[in-house]
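Engineer: Return atomic coordinates for the entry below.
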Amino acid sequence: LISGWIQTARLVRAQFYRFKGREYVLAARALGARTGTILRRNVLPNVISPVWCSIPLRAGRAILSESSLSFLGFGIRAPQASWGSMIQYASNLTVLTARPWVWLPPGLCIILTVLCLAGIGDGLRDALDPRFDGRRS
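Structural biologist: The predicted structure is shown next:
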């Protein structure tokens, strides 16, 4: 979690290098615009959209990590509720086969939440991508 910003920094850096040599950036530089103005007006709006799209995906990964750690017993302890600790109660074979209502709802909640967050990230990418024309390939 401490080094989680590194992936976002790499994404932003790659996008900056991608848009640095575009024609409109070169035209703004030829017209005499300052570097800060070029970055703020021309490059940053194109760079920030992948960051917005990666936030829901990172949240989904965090939910999966927390539930996995709680399932293994290293996450949230017993007084607090966690989807992973709820599923851990089904580690007994009799609970797994005879009482699916113990593990099925938290498992479905994890799956649905992560899939919804992935859909939100995909929708943000579609909405913020200027090259997207409304059709899937």
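Engineer: For the rest of this, base every contact and every neighbour count on C-alpha atoms.
Structural biologist: OK.
Engineer: after the helix-or-strand element of the chain with minimal mean pLDDT comes which helix or strand?
Structural biologist: In the chain, no helix or strand scores lower on mean pLDDT, DSSP states H and E than helix 93-98, which sits at a mean of 79. From helix 93-98 onward toward the C-terminus, using DSSP states H and E, the following helix or strand is helix 100-128.
Engineer: Against which helices or strands is that following helix packed?
Structural biologist: Packing partners of helix 100-128 (3 or more C-alpha pairs under 8 Å, 6 or more residues apart in numbering; DSSP states H and E): helix 44-72, helix 83-88.
Engineer: quick one: what helix or strand has the closest residue to residue 48 other than its chain neighbours in it?
Structural biologist: Leaving aside its sequence neighbours, residue 48 sits nearest to residue 12 (C-alpha to C-alpha, 6 or more residues apart in numbering; 7.5 Å). According to DSSP H and E, residue 12 maps onto helix 5-20.
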